[in-house]
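[1] With the input below, show me the fold.
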Amino acid sequence: MKMQYMKKEKTHNLYKSVENLNLTLFEKYKYLTENDTNIIKLKEQVARIVASKNLSSVMNDTKWLELQEGISTLPFPPAYNEKLIQWDKAKFTFNDFPSPPKYQGDWSSFWEEGLPIFFTIEWLEIRGTYQIPQGRLVSPKILDETEEIHQLLHKLNIPFEQEKDVFTIFGYK
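    Below you'll find the predicted structure:
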């Protein structure tokens, strides 16, 4: 029990200390993914899954981080849905829902409980529309940044598939 507490304390200190190191977002990401023993084990597990499924990496940490930073330039942080490599299937896809979401995406880093750790993402869907309820008798207001997302992905040279207002970015194929 004491050993487990010491491991948690060490991990907690690792995350606490990274905020005081004056690192860039990329440097923080690299530091944490290379020094957290749980993430190192997860990386090994993901590598085994990728090899067993005969997949190839499409994205890299730099591209994911550029996307994360680029999203902050958009009018609103779009909702996203992910399918992680360790999962048999996604919980849902945006195609399951004809209406735009009533929520925005949390594009903060994994250590802030936002995006997943990048190397675990098999695919990420981004929904370019968002609805704001106006009341029971009035149709919701629909905000649409589909074109802005399309331009951002092109600018960053991120490969994607698009179906209406839904963009799919593959981490592995």
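[2] is Glu125 in a bridge, and if so with what?
    Asn81, Thr168 (DSSP bridges).
[3] Kindly apply the preceding question to Gln131 instead.
    With DSSP bridges as the criterion, Gln131 is bridged to Ile142.
[4] Model confidence score at it, please.
    Gln131 is assigned 97 on the pLDDT scale.
[5] hang on, it packs against Asp144?
    No. Judged on CB atoms under 8 Å, Gln131 makes no contact with Asp144 at a distance of 10.0 Å. All C-beta atoms are positioned from the backbone trio N, CA, C, and that covers glycine.
[6] Nearest to the spatial middle of the chain, which residue is it?
    Among the residues of the chain, the one closest to the centroid is Leu115, at 3.6 Å (CA atoms, centre = their mean).
[7] quick one, strands of the protein?
    80-84, 121-127, 129-132, 141-144, 161-163, 166-170 (DSSP state E).
[8] would you turn the ones you listed into a markdown table with mean neighbour count and distance to Phe110?
    Listed next are the strands of the chain as a markdown table, based on neighbours: other CB atoms under 10 Å; distance: least, CB to CB, whole Å:
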| stretch | mean neighbour count | distance to Phe110 |
| --- | --- | --- |
| strand 80-84 | 20 | 11 |
| strand 121-127 | 23 | 10 |
| strand 129-132 | 17 | 23 |
| strand 141-144 | 12 | 27 |
| strand 161-163 | 12 | 24 |
| strand 166-170 | 20 | 17 |
